[in-house]
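*Asks:* only geometry, no sequence info:
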Ligand SMILES: Nc1ncnc2c1ncn2[C@@H]1O[C@H](COP(=O)(O)OP(=O)(O)OP(=O)(O)O)[C@@H](O)[C@H]1O
């Protein structure tokens, strides 16, 4: 499903501060895998995740997602891929503070032509899947860290993407809450989704079926 062939990423190319963050990365991730990406700070984990999420460019190599060659896609097609195929979860939750949980989960449906009542129903279903339906009308900045991350996960799955990408999703949570969030990722994976998690936490990585270690922009293990 995901294939990277010789992907290289250079920040500030052509300038005196040019920096090569990824060196000829080859990687295949099949449908339904549960993968951790680990490595020291600055190794290139987030850069790789952003390329997988189609939110960052690369200087050379090919990235195929379900046989679509990403670099040939128009901006419109890329937006469609991001919206329909990929759900993103961030360390800092990236919720709109003064929106309710429901309004946050509605955001990816902003451009959908469905009726508002249908959109709401979809969002409530996503909130239910993460155990947060009772908090649908709570303002998001009044929720705990773990609850915020559940809402962020509901927002990531509302369009039923086949791939979930998470960047340090438990980095701001205590260990008990981290375990609960990891259980949620495992259940999303059990339901058939591909889940790729960047993490520093070995307890999280050990629960993944495959661990990829990056050092200095290269896959070393
Ligand atoms: N926008 C940018 N411009 C220039 N260099 C960048 C940029 N973003 C990242 N880098 C550099 O690229 C390298 C890889 O960064 P990246 O954020 O992918 O690392 P990481 O493994 O995710 O680190 P961390 O675990 O600290 O989040 C680092 O040396 C970083 O300084």
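*Replies:* Received the coordinates, thanks. Because the structure is a prediction, the values reported are computed rather than measured.

*Asks:* residue 33 contacts residue 197, correct?
*Replies:* No: using C-beta atoms under 8 Å, residue 33 is not in contact with residue 197, being 11.1 Å away. Yep, even glycine has a C-beta here, placed from its N, CA and C like the rest.

*Asks:* higher neighbour count, these two?
*Replies:* For residue 33 versus residue 197, the count of surrounding residues by other C-beta atoms under 10 Å is larger for residue 197: 28 against 18.

*Asks:* which element, helix or strand, includes that one?
*Replies:* strand 194-198 (DSSP states H and E).

*Asks:* so what strands line up beside that strand?
*Replies:* According to DSSP bridges, strand 194-198 has the following sheet partners: strand 34-38 (parallel), strand 163-167 (parallel).

*Asks:* so which of the ones you listed comes closest to residue 88?
*Replies:* Residue 88 lies closest, by C-beta to C-beta, to one member of the strands paired with strand 194-198: strand 163-167, at 5.4 Å.

*Asks:* that closest one and the ligand, any residue contact?
*Replies:* No: figure legend: strand 163-167 not in contact with the ligand (C-beta under 6 Å from any ligand atom); closest approach 7.6 Å.

*Asks:* and the helix or strand following that strand with strand 34-38, angle?
*Replies:* Heading C-terminal from strand 163-167, the first helix or strand you meet, by DSSP H and E, is helix 175-190. Put simply, helix 175-190 runs at 130 degrees to strand 34-38, going by axes from the mean of the first three to the mean of the last three C-alpha atoms, to 10 degrees.
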